[in-house]
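Here is my input, please return the structure:
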Amino acid sequence: MPDSPVRERGVGPESVPDGLTLAAFNTDCAEAALDALGATLGRYLDIDDVTVGTTLTDEQPEEFAVLHDDVLVGGALVHPGRGDDPIGEVASPFRPSDTLFLAGYGDRAGLRSLSNRIETLAWRAGAGRLYAAGQQRFASMDDQWGIYADAAEAGCEVHVFEEPGYVPGGDGDRFVVHGERHSLAGTWLVVFDGAGNDAAKAAMLAEEREPDSYYGVWTVVPELVDVILKRAVEPVAGDRREK
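This is a model prediction of the structure:
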């Protein structure tokens, strides 16, 4: 993660403040895209106010962003005008990224690779809980069911936010099916709780605000994963489904 003048601290559910600042460094990402990203992160993290700071320039060559106040989460800023592709680096042992901020990102295949990274962590752990939801019918992504089935067979408890009628025949017994109601409905959501291992926690939240234009975050920062997980499983008004 690039060095930042902001001091890093934990971002557990109790420590997230009422307001945060999203600051972008060394980027020509459109201000409108940054504004949309700030608003999206505010909803994800249940923060009343996310202020988008002035785009800054420092001695670091890479584009990056930090979400900060008493807390700091920093990572690559991924947007259509960026010259390189940090998404390809998250699986690399040579230049791993802790967090990616998505601002108008348009490569659905890239997001699938980020999602698969999380699902693989769950499968390898063979324990813990994996939560998944999608903006589009899971039924249109038949290959995903195979991945979730493998994770469940390995011993991970797989929770899916999908209407039971769209779960492939026979697979409903493998998963905990919640229906589509959840507090982050309308997002592409994949979260693994790490099965007691902070190093295995990971989460992706992305919202398609326009066709092929995604805003959100992918992260393996344990405290931020905890915040996203807490938001994902909290009850929806009028919803009595079992957790």
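
What is the least confident helix or strand in this structure?
When the helices and strands of the chain are scored by mean pLDDT, DSSP states H and E, strand 49-52 comes last with a mean of 78.

What strands line up against that one, and which way round?
In the sheet, strand 49-52 lines up against strand 19-25 (parallel) (DSSP bridges).

Going by neighbour count, which residues in the strand it pairs with are buried?
Buried residues in strand 19-25, defined by neighbour count with 16 or more other Cβ atoms under 10 Å: 20-25. In this view, the C-beta of every residue, glycine as well, is placed from N, C-alpha and C.

Including distance to residue 167 and pLDDT, could those go into JSON lines?
Formatted as JSON lines, those follow (distance: Cβ to Cβ, whole Å; pLDDT from 0 to 100):
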{"residue": "20", "distance to residue 167": "37", "pLDDT": "81"}
{"residue": "21", "distance to residue 167": "41", "pLDDT": "85"}
{"residue": "22", "distance to residue 167": "37", "pLDDT": "88"}
{"residue": "23", "distance to residue 167": "42", "pLDDT": "87"}
{"residue": "24", "distance to residue 167": "40", "pLDDT": "87"}
{"residue": "25", "distance to residue 167": "43", "pLDDT": "86"}
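
List just the nearest of those residues to residue 78.
residue 24 (11.5 Å; Cβ to Cβ).

What's the separation between that closest one and residue 76?
Noted for residue 24: a distance of 11 Å to residue 76, by Cβ to Cβ, to the nearest Å.

can you check residue 65 too?
8 Å.

Show me the common contact partners of these two, please.
residue 101 (Cβ atoms under 8 Å, 6 or more residues apart in numbering).

Would you map the helices across this structure?
Along the chain, counting by DSSP state H, helices occupy 31-45, 108-125, 142-154, 222-233.

Quick one: closest of the ones you listed to residue 69.
Short answer: helix 31-45, nearest of the helices of the chain by Cβ to Cβ, at 11.7 Å.

send the alpha carbons of that closest one over as PDB?
Extracted in PDB, the C-alpha atoms of helix 31-45 (Å, rounded to 0.1, in the frame of the first residue of the first chain):
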ATOM      1  CA  GLU A  31     -14.700  14.200 -10.200                       C
ATOM      2  CA  ALA A  32     -18.200  12.900 -10.800                       C
ATOM      3  CA  ALA A  33     -16.800   9.300 -10.500                       C
ATOM      4  CA  LEU A  34     -15.100  10.100  -7.300                       C
ATOM      5  CA  ASP A  35     -18.300  11.700  -5.900                       C
ATOM      6  CA  ALA A  36     -20.300   8.600  -6.900                       C
ATOM      7  CA  LEU A  37     -17.700   6.400  -5.200                       C
ATOM      8  CA  GLY A  38     -17.900   8.400  -2.000                       C
ATOM      9  CA  ALA A  39     -21.600   8.200  -1.900                       C
ATOM     10  CA  THR A  40     -21.600   4.500  -2.600                       C
ATOM     11  CA  LEU A  41     -19.000   3.800   0.200                       C
ATOM     12  CA  GLY A  42     -21.100   5.900   2.600                       C
ATOM     13  CA  ARG A  43     -24.100   3.600   2.000                       C
ATOM     14  CA  TYR A  44     -22.000   0.400   2.200                       C
ATOM     15  CA  LEU A  45     -20.400   1.400   5.500                       C
END
